[in-house]
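K.L.:
what follows is a protein structure lacking sequence information:
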């Protein structure tokens, strides 16, 4: 924004512009908006990149240690029956044998 246009803007005046000046003003406004939007995208991507680098490289030693205990407790893996509002059984848990590697 030129100093003359800025002084008009501060006073609230709108000078009469010719067709060429209006077109130039519109193009300059569009360029400024595109520049600001591009700068915001670049800042956002830099922020995300810094966060990823910080989490993966800079904080490398802050990860929790792997547990080395040998806990052999049996876990209860039964599920409750699913019933409708009248108490009729809709689904139940059936014990089956599994083979997996």
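P.N.:
Arrived safely. Since the structure is predicted, the reported quantities are computational estimates derived from the model, not experimental observations.

K.L.:
what about the most centrally placed residue in the chain, which SS state?
P.N.:
Residue closest to the mean C-alpha point of the chain, counted by CA atoms, centre = their mean, is residue 48 at 9.1 Å. Under DSSP: H, G, I helix; E, B strand; the rest coil, the three-state class of residue 48 is helix.

K.L.:
who's in contact with it?
P.N.:
Not one residue lies near residue 48 by CB atoms under 8 Å, 6 or more residues apart in numbering. Backbone N, C-alpha and C define where each C-beta goes, glycine included.

K.L.:
quick one: the helices in the chain?
P.N.:
Remark: helices assigned in the chain by DSSP state H are 3-11, 19-53.

K.L.:
worst average pLDDT in those helices?
P.N.:
The weakest mean pLDDT among these belongs to helix 3-11, with a mean of 65.

K.L.:
between the helices of the chain, which gets nearest to residue 86?
P.N.:
Each of these has some distance to residue 86 by CB to CB; the shortest is helix 19-53, at 52.9 Å.

K.L.:
starting at the chain centroid, how far to that closest one?
P.N.:
Mean-position distance between helix 19-53 and its chain equals 20 Å (CA atoms, centre = their mean, to the nearest Å).

K.L.:
then stretch 88-101?
P.N.:
39 Å.

K.L.:
next one: stretch 45-58
P.N.:
The answer for stretch 45-58 is 14 Å, by CA atoms, centre = their mean.
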